[in-house]
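A.B. asks: Sequence isn't available, so here's the structure alone:
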């Protein structure tokens, strides 16, 4: 994105044929398994087995990083829409409007502290890429929920579905790492037609590595995108 960094566009497609050969691949543990349903863990394990890895990688304070990401994104989203919230709040979808209004009311000191946590977390995560090239983790805590599902049952907890879909992605997106979310099917016997995503996460500016791993999984038949009937 030229708005974020002045870097030349790097060709990636020619590198996909290399697949995952020679890459050091880790599996994120801790928060990324504790906040995942059995089918999400099974999807990651299936991908890890296909890639021939069992190396466990732990990131510190992921829960705090997720909380920081939540505060920052809410504050930034509210600021982006502040003018419309003041003049035409009734035009917003109710849940989105309430979230933006809550973000607009956050104390600035909270947001500053959240930004400090984000910076600290980004430095710690960067260190992990000294020993691995790519890590994998669930993208969501469960398979794709049916439209209108309001609650998620996860390890004895009842959580609101909508914000809980970001439990495993927000700690990563808030520090700007490149990610490919690859769909895995059939992990939940009760809903074999619904996918669950597995994140393939690389170090900053190494989209090529994440895409190479995704290409390997697609070639192996472990992950594939749905194709609409008739195409």
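C.D. replies: Alright, I've got the coordinates. Just so you know, these numbers come straight off a predicted model, no measurement behind them.
A.B. asks: and the residue nearest to the spatial centre of the chain, what does it touch?
C.D. replies: For the chain, residue 169 is the residue whose C-alpha lies nearest the centre (C-alpha atoms, centre = their mean; 2.5 Å). By C-beta atoms under 8 Å, 6 or more residues apart in numbering, the contact list for residue 169 reads 139, 140, 179, 199. No exception for glycine: its C-beta is placed from N, CA and C like everyone else's.
A.B. asks: Pretty sure residue 197 sits in a strand.
C.D. replies: Yes - judged by DSSP: H, G, I helix; E, B strand; the rest coil, residue 197 forms part of a strand.
A.B. asks: Model confidence for the residue nearest to it when sequence neighbours are not counted, exactly?
C.D. replies: Using C-beta to C-beta, 6 or more residues apart in numbering and skipping residues adjacent in sequence, the residue nearest residue 197 is residue 139, 3.1 Å away. pLDDT for residue 139: 97.
A.B. asks: and the gap between residue 139 and residue 23?
C.D. replies: Residue 139 is 20 Å from residue 23, where distance means C-beta to C-beta, to the nearest Å.
A.B. asks: okay, these two: which has more neighbours?
C.D. replies: Neighbour count, other C-beta atoms under 10 Å: between residue 139 and residue 23, residue 139 has more, with 26 against 17.
A.B. asks: thought that one was touching residue 173?
C.D. replies: No - between residue 139 and residue 173 there is no contact under C-beta atoms under 8 Å: 10.8 Å.
A.B. asks: which residues in the protein form helices?
C.D. replies: In the chain, the helices defined using DSSP state H lie at 31-34, 38-51, 62-80, 82-88, 94-104, 108-128, 161-164, 170-173, 207-220.
A.B. asks: so which of those comes closest to residue 191?
C.D. replies: Of all these, helix 38-51 sits nearest to residue 191, with 8.7 Å by C-beta to C-beta.
A.B. asks: Packing partners of the closest one?
C.D. replies: When contacts are defined as 3 or more C-beta pairs under 8 Å, 6 or more residues apart in numbering; DSSP states H and E, helix 38-51 sits against strand 25-28, helix 31-34, strand 134-138, strand 179-185, strand 195-202, helix 207-220.
A.B. asks: any idea which of the ones you listed is most buried?
C.D. replies: Mean neighbour count (mean count of other C-beta atoms under 10 Å) peaks for strand 134-138 among the helices and strands packed on helix 38-51, with a mean of 27.
A.B. asks: Quickly run through the sheet partners of it, with directions.
C.D. replies: Counting by DSSP bridges, the strands paired with strand 134-138 are strand 25-28 (parallel), strand 195-202 (antiparallel).
A.B. asks: Next up, the contacts around residue 62.
C.D. replies: Counting by C-beta under 8 Å, 6+ apart, residue 62 has contacts 30, 31, 32, 121, 171.
A.B. asks: Spatially nearest residue to residue 40 (excluding sequence neighbours)?
C.D. replies: residue 138 (3.9 Å).
A.B. asks: same check, this time on residue 102
C.D. replies: Spatial nearest neighbour of residue 102, excluding adjacent residues (C-beta to C-beta, 6+ apart): residue 74 at 6.4 Å.
A.B. asks: now residue 42
C.D. replies: residue 187 (5.0 Å).
A.B. asks: With residue 167 instead?
C.D. replies: Among residues not flanking residue 167 along the chain, residue 35 sits closest, at 4.9 Å (C-beta to C-beta, 6+ apart).
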